[in-house]
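Peer 1: no FASTA, just this:
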C-alpha cells in the first residue's frame, strides 16, 4: 500500500491551509500560481510555515493552474512550467515526513461553463501528468462543483496512474449538490469511481461542514477528508475578509474527526494559525471506525402547482396556435399598450409574448406587464427572460417571482449585448446562457433550487427557446436547436421569416425534431422598412421582386399596407402547410396588421383541427 494511505489506516493527518489568502494579503496582483515562477521563495516560505504549524500534508500551489484560468492572465502557455515549479518548491520546503499532494481544481464552477467534458479531460490530463512525473505523493482534486466532471476525471487518472487520489466536492448546501444529489450519495459515487480519499472543501466554514459530515457515512473503501473555509466571507474596505477564529476552528476540527474525517486541513481564509490549532485539538485522537449518521429530512410530497389552462406546447401539438409579440412601452403611458392587449384578447389570440428589454433598450418590466395582463385578461402572457441583466441570484429570484404570480410561459434567451442598445456602457452579466437558464427552470420544475435543496413546491414553467433560421448554414442553427432540446426546451419560436422557400427549408431541416415550432412572421410596413431589413438586418434578404413592389407603392400608405398584408398572408399560407405554430410580430405597435393576419390564419385553419407534427 502507498505510504500516505498506509499512514491513514491508523492515524489522522493534518493538511495545510490556504496559499492564495496569504499571497493576496501581501499584495498579490496576479494569479497565485504565477508566483511559482516569479516569487518561488514566497511560496516556499508559506509551505514551510504550514509544516512548522503542524501540517503532515501540503499541497502544491496549482489549484487554478489550468489552461482556461491561466488564459485570463496570459499564462496558458506556462501550464507545465507552473506545475513543475510548484512541485520543486514543495519538495524544497518539505521534510522527510511530509506528504506532497499535487492539486488540480475543477473547471465547472457555479457559473455555467461551455467547455465540453472531453476538453476538460484533455487539459486536466496535462496537469496530472506533469504532477505525477514531478514526483508528488498523491493527486488532490478539489473544489469540484460538478459530480460528472469529478468522477470522469478520477476514472481517467486511475486508468493511467497508480497513485492515491484525494477527491473533494464543493457543495452550496449542507445536504445536497446543486443537481439535487445527496452529498453522502455523491461521495459514494466518487469513491466508486476510484478515489482513495473523498470529502468536501470550500464554500462552508467549520460549523456547516460539521453539519454536512453528520449525514455522511464512512466509506467502505476510502477515507474521508475535509478542508473547510475559515468562516463566512465578509467585505471590509472593499477587501475580502474571513473571521479571525483559529481557536474555534480547532475545536470544530475535533468534531469533524468524530464524524469520521481522517485528513483535515483548511481552505479559503485559513492560515498556519488555524492549522496549529487543529494540530493541538486533535492530538491524541484516533480515527473512528463507526458512527451514527443523521438522516436528511426530505420534502418528498412537494406540492404541485395547479394550472387550469393548457400550456402552449400542448396547444400547438393539438391544433393551430397563434402567439403575438407586443413590446411594452419605453414610457409610463400604458393606455395604448393595454388597449392593444384587450384587442388581442378579444381576438382569442393564444398568448402575447413580452420581450425583456429587447435590443438592449429600456422598457417597462415585462413581468409587471404580465402580472397586470393575468389580472385583467384571459390571454396568456409569455415572458421573455434574458441572461444579460441579472446574475445567477437575480435570475433565480426572477423565476421564483414569476411562479408566484402564476406566470408559467417563458422564453429563455441569452440576450442582445448592451453595446447595441441605448446604454452601451451598461454591464453585461451572462452568468449563464439560454441553455443554462433553461436548466435552472427545469430544476425548479422538479422542486429543486440551485443549491440542490427543496423548493417545497414545484414550479410549472413551459419553456420556449429561440431559433434563428436566417443564417448562412441552417444545419449549424439546427444543431444548436438540438442542444437546447437536449437541455429540456419544450418548443421553439423563430425569428421572422420572409420567404416561402425559407419556411419549407426550416420544415425539412427540423422535421426530425420532436418539438413544436412557431414560425415568425412580421409584416413589412414601408419601402424604407424593406430596405432596412434587406440591407441592415443580418441574415434577412428580401427578393428583388418584393423590393420593387414596395418601391412602386412607397408614396401610397393604403397600397403599401395592402401589399404588406398580401405578402404576409402568402407566408402564413405556407406556414400552415407545415406547422401549427404561428408567431406574429407586431411592427411598430401596429396591432391592426396583427389582428388582420391573425383572423386570416384562423379562417384558413378553422376547417381542420388536425395537428401538423
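Peer 2: Thanks, I have the structure now. Computed from a prediction, not measured in an experiment: that's the story for all the values here.

Peer 1: use CA for all of it now, contacts and neighbours both
Peer 2: Noted.

Peer 1: Isn't residue 469 up against residue 495?
Peer 2: Yes - Residue 469 lies in contact with residue 495 (C-alpha atoms under 8 Å); the separation is 6.9 Å.

Peer 1: Give me the more crowded residue out of these two.
Peer 2: Neighbours of residue 469 and residue 495, each counted by other C-alpha atoms under 10 Å, are more numerous for residue 469; the result is 24 against 18.

Peer 1: tell me the pLDDT at the more buried one?
Peer 2: Per-residue confidence at residue 469 stands at 94 (pLDDT).

Peer 1: That one: what's it in contact with?
Peer 2: By C-alpha atoms under 8 Å, 6 or more residues apart in numbering, residue 469 lies in contact with 477, 494, 495, 497, 502, 506.

Peer 1: Spatially, which two of these are the most separated?
Peer 2: Pairwise distances across the contacts of residue 469 peak at 14.4 Å for 477 and 497 (criterion: C-alpha to C-alpha).

Peer 1: Which of these two has more residues huddled nearby?
Peer 2: Between residue 477 and residue 497, counted using other C-alpha under 10 Å, residue 497 has the larger neighbour count: 25 against 17.

Peer 1: so what's that one up against?
Peer 2: Applying C-alpha under 8 Å, 6+ apart, the residues near residue 497 are 469, 470, 503, 519, 520, 521, 522, 540.

Peer 1: ok, now residue 97?
Peer 2: Per C-alpha under 8 Å, 6+ apart, neighbours of residue 97: residue 56.

Peer 1: Just confirm it is within a helix.
Peer 2: No - Residue 97: not assigned to a helix; according to DSSP: H, G, I helix; E, B strand; the rest coil it is coil.

Peer 1: Give the phi and psi angles for it, as a check.
Peer 2: phi -100, psi 0 (degrees, to the nearest 10).

Peer 1: separation between it and residue 272?
Peer 2: Relative to residue 272, residue 97 is positioned 18 Å away (C-alpha to C-alpha, to the nearest Å).

Peer 1: Using CSV, lay out the contacts of residue 497 together with secondary structure and distance to residue 138.
Peer 2: Supplementary listing: those in CSV, determined by DSSP: H, G, I helix; E, B strand; the rest coil; distance: C-alpha to C-alpha, whole Å:
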residue, secondary structure, distance to residue 138
469, coil, 51
470, coil, 53
503, helix, 58
519, strand, 56
520, strand, 57
521, strand, 61
522, coil, 62
540, coil, 57
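
Peer 1: Confidence-wise, which of those comes last?
Peer 2: residue 540 (83).

Peer 1: so who does that residue touch?
Peer 2: 470, 497, 498, 533, 534.

Peer 1: thought the last one was touching residue 541?
Peer 2: So the one you mean is residue 534. Yes - counting by C-alpha under 8 Å, residue 534 touches residue 541, with 4.7 Å between them.

Peer 1: Check the burial of residue 432 by counting its neighbours.
Peer 2: 24.

Peer 1: circling back to that earlier point, can you flag the buried ones in the contacts of residue 497?
Peer 2: Buried members of the contacts of residue 497, counted by 16 or more other C-alpha atoms under 10 Å: 469, 470, 503, 519, 520, 521, 522, 540.

Peer 1: got any ranges where the chain has weak pLDDT?
Peer 2: In the predicted model of the chain, residues 1, 110-114, 232-243, 298-308, 607-613 satisfy pLDDT under 70.

Peer 1: residues of stretch 370-378 that come out buried?
Peer 2: Applying 16+ other C-alpha under 10 Å to stretch 370-378 flags 370, 373, 378 as buried.

Peer 1: quick check, nearest of the residues you listed to residue 463?
Peer 2: residue 370 (15.9 Å).

Peer 1: any residues touching the helix or strand that that closest one is a member of, and which ones?
Peer 2: Using DSSP states H and E, residue 370 maps to helix 366-376. Helix 366-376 is contacted from outside by 328, 341, 354-356, 379-384, 402, 405, 407, using C-alpha under 8 Å, 6+ apart.

Peer 1: so of these, which ones are in strands?
Peer 2: 354, 380, 381, 382, 383, 384 (DSSP state E).

Peer 1: list the contacts for the second one?
Peer 2: Spelled out, that is residue 380. 350, 351, 352, 373, 374, 409.

Peer 1: Mind listing the residues bridging to it?
Peer 2: Applying DSSP bridges to residue 380 gives these bridge partners: residue 351.

Peer 1: how much space between it and residue 596?
Peer 2: For residue 380, the distance to residue 596 - C-alpha to C-alpha - is 20 Å.

Peer 1: Now for residue 482: which residues touch it?
Peer 2: Applying C-alpha under 8 Å, 6+ apart, we find residue 482 in contact with residue 513.

Peer 1: Going by neighbour count, list what's buried in the helix or strand containing it.
Peer 2: Element membership for residue 482 (DSSP H and E) is helix 474-486. By 16+ other C-alpha under 10 Å, the buried positions in helix 474-486 come out as 474, 477, 478, 481, 482, 484, 485.

Peer 1: Confirm that residue 324 sits in a strand.
Peer 2: Yes - under three-state DSSP, residue 324 falls within a strand.

Peer 1: count of residues packed around it?
Peer 2: Residue 324 has 27 neighbouring residues, counting by other C-alpha under 10 Å.

Peer 1: now residue 544
Peer 2: Residue 544 has 9 neighbouring residues, counting by other C-alpha under 10 Å.

Peer 1: And for residue 13?
Peer 2: 22.

Peer 1: Could you measure from the residue nearest to it when sequence neighbours are not counted over to residue 514?
Peer 2: Once flanking residues are discounted, residue 13 sits nearest to residue 263: 5.0 Å by C-alpha to C-alpha, 6 or more residues apart in numbering. From residue 263 across to residue 514, the span is 50 Å (C-alpha to C-alpha).

Peer 1: how's the chain carved up into domains?
Peer 2: Domains of the chain are assigned by automatic domain parsing as 3-282, 318-524+566-612.

Peer 1: could those domains go into a markdown table alongside distance to residue 549?
Peer 2: Formatted as a markdown table, these follow (distance: least, C-alpha to C-alpha, whole Å):
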| stretch | distance to residue 549 |
| --- | --- |
| domain 3-282 | 46 |
| domain 318-524+566-612 | 10 |
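
Peer 1: of all those domains, which lies closest to residue 310?
Peer 2: Once these are compared by C-alpha to C-alpha, domain 318-524+566-612 is nearest, at 10.2 Å.

Peer 1: Does residue 496 touch residue 524 like I think?
Peer 2: No - assessed by C-alpha under 8 Å, residue 496 is found out of contact with residue 524, at 10.6 Å.
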